[in-house]
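A.B. asks: Any chance you could fold what I've pasted below:
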Amino acid sequence: MTGSSRAARWSWCWRRASRSRHAIGIRPGPSAGPCHVGARDAWVRAIPSSPESLAMTKPSLTSQRRDLAAALRLAAKFELNEGICNHFSVALPDGPDGRPRYLINPYGVHWSEMRPSDLLLIDERGQVLEGEGEVEATARNIHIAAHKANPRHVAVLHVHMPYATALTMVEGGRLEMAHQTACRFHGRTLYVDHFGGLALDESEGEAIVAANKAEAGADITFLAHHGVTIGGPSVAVAFDDLYFLERACRQQVLAMSTGRPLKLIPEAEIEATAREWRQVLVHQSEKHFEALRRIEGL
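C.D. replies: Got it, this is the predicted structure:
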């Protein structure tokens, strides 16, 4: 790249970064350059740093229905579903009787055709309170248990997406810190190495509860020979984790397919990159989800 073209590129990057900073109300600070890989400048650190630190308003039932239906349709678009199986759920504020309530997709409706009105309102026993359709036994056993195990997980997404599930099928399968995307999940991942069947009874749900209570900081659970469960403070954050988890797993499987050993990131850089991910997680998730919904007209 010539000196003049490099200067033009930096000028474009700076203008773009400046617009982004002003758009979210952040004043520019000193930086090694907005397009410099690995730059840890002040304007990124000013973005709300975690789900806990962000003042999130509680969405209405109508908006939760729209978000959950949109997430299901988007997951189908990216081929993260498996037939009419798998399920997404949202924990709602307790009902007038003080009992827990959840939204969940009904059995038999394909994700690509899911509408907000299709979603079922259920209680903590899986009984349908509102809507037409049935709750699959595995959905009832996995999701209610997952919400109870970690109340900060407002949204719980359970899938058998190909590349993430592939890691549950190999001996000692783990998401390795060999790419910056994988670092997003550093310190947030739990592995259940026992296979409990199709989760048609409550015992598998109880096993998930026990594992998640032991690792309260985990948002991603790899279930051996089965799939993954993702929990988040909102549908947008959980969906963003779903999207990037599959990409991270795909990158790893493709790298492993070369037969060459993975080149792991040094521990100090893993920690630093994970912190950077946490700093932008909620903001990026919401913007990504908004963009996808806008593109698909959802």
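A.B. asks: next one: phi and psi at Leu120?
C.D. replies: Phi and psi for Leu120, reported as degrees, to the nearest 10, are phi -100, psi 140.
A.B. asks: In contact with the closest residue to it other than its chain neighbours, which residues?
C.D. replies: Excluding the flanking residues, the one nearest Leu120 by Cβ to Cβ, 6 or more residues apart in numbering is Gly131, at 4.1 Å. Yep, even glycine has a C-beta here, placed from its N, CA and C like the rest. Gly131 sits next to Pro106, Ser117, Asp118, Leu119, Leu120, Leu121 when contact means Cβ atoms under 8 Å, 6 or more residues apart in numbering.
A.B. asks: And what about the first one, helix, strand or coil?
C.D. replies: When you say that, I think you mean Pro106. Reduced to three states with DSSP: H, G, I helix; E, B strand; the rest coil, the structure at Pro106 is coil.
A.B. asks: looking at this, Ala139 is in a strand?
C.D. replies: No - with three-state DSSP as the criterion, Ala139 is located in helix rather than a strand.
A.B. asks: measure it to Phe185 for me?
C.D. replies: Note on Ala139: its distance to Phe185, by Cβ to Cβ, to the nearest Å, is 24 Å.
A.B. asks: Ok, Asn81 next?
C.D. replies: From Asn81 to Phe185 the distance is 21 Å (Cβ to Cβ).
A.B. asks: So Glu276 belongs to a helix, correct?
C.D. replies: Yes - under three-state DSSP, Glu276 falls within a helix.
A.B. asks: Look up how far Lys148 lies from Ala291.
C.D. replies: For Ala291, the distance to Lys148 equals 33 Å [Cβ to Cβ].
A.B. asks: actually Glu136, not the one I typed
C.D. replies: To Lys148, Glu136 is 18 Å away according to Cβ to Cβ.
A.B. asks: likewise Glu132?
C.D. replies: Separation of Glu132 from Lys148 (Cβ to Cβ): 26 Å.
A.B. asks: ok, those two, which is more surrounded?
C.D. replies: Lys148 (17 against 9; other Cβ atoms under 10 Å).
A.B. asks: Secondary structure element for that one, which one?
C.D. replies: helix 137-149 (DSSP states H and E).
A.B. asks: Name the next helix or strand downstream of that helix, please.
C.D. replies: strand 155-159.
A.B. asks: Neighbouring strands - and their directions - for that following strand?
C.D. replies: strand 87-92 (antiparallel), strand 227-232 (antiparallel) (DSSP bridges).
A.B. asks: And the strands in the stretch 51-200 of the chain?
C.D. replies: For the stretch 51-200 of the chain, the strands defined by DSSP state E, counting those that start in this stretch cover 87-92, 101-104, 120-123, 128-130, 155-159, 189-192.
A.B. asks: Flag every buried residue along stretch 253-267.
C.D. replies: Ala255, Met256, Ile265 (16 or more other Cβ atoms under 10 Å).
A.B. asks: what sits against the last one?
C.D. replies: What that stands for is Ile265. Applying Cβ under 8 Å, 6+ apart, the residues near Ile265 are Met177, Ala178, His179, Gln180, Cys183, Thr273.
A.B. asks: Among the residues you listed, which pair sits farthest apart?
C.D. replies: Using Cβ to Cβ, the pair of those lying farthest apart is Ala178 and Thr273, separated by 11.8 Å.
A.B. asks: ok, the most centrally placed residue in the chain - contacts?
C.D. replies: By Cα atoms, centre = their mean, the mean C-alpha position of the chain lies nearest to Asp241, the distance being 2.3 Å. Residues in contact with Asp241 (Cβ under 8 Å, 6+ apart) are Arg184, Phe185, Asp219, Ile220, Ile230, Gly232, Ser285.
A.B. asks: which residues are contacting stretch 67-81?
C.D. replies: With Cβ under 8 Å, 6+ apart, stretch 67-81 has contacts from 59, 88-90, 103, 105, 110-116, 118-119, 155, 157, 159, 161-162, 234-236, 238-239, 242-243, 246, 289, 292-293, 296, 298.
A.B. asks: Try it again at 7 Å.
C.D. replies: 88, 90, 103, 105, 111-112, 114-116, 118-119, 159, 161, 235-236, 239, 242-243, 246, 292-293, 296, 298 (Cβ atoms under 7 Å, 6 or more residues apart in numbering).
A.B. asks: Would you quantify the distance from Leu245 to Ile122?
C.D. replies: 26 Å.
A.B. asks: So, low pLDDT: which residues of the stretch 151-298 of the chain?
C.D. replies: 199-202, 204-205 (pLDDT under 70).
A.B. asks: quick one: the helices in it?
C.D. replies: 162-167, 180-183, 202-214, 235-256, 267-296 (DSSP state H, counting those that start in this stretch).
A.B. asks: Take those and write them to JSON lines, including distance to His143.
C.D. replies: Shown next, in JSON lines, are the helices of the stretch 151-298 of the chain (distance: least, Cβ to Cβ, whole Å):
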{"stretch": "helix 162-167", "distance to His143": "18"}
{"stretch": "helix 180-183", "distance to His143": "26"}
{"stretch": "helix 202-214", "distance to His143": "8"}
{"stretch": "helix 235-256", "distance to His143": "12"}
{"stretch": "helix 267-296", "distance to His143": "20"}
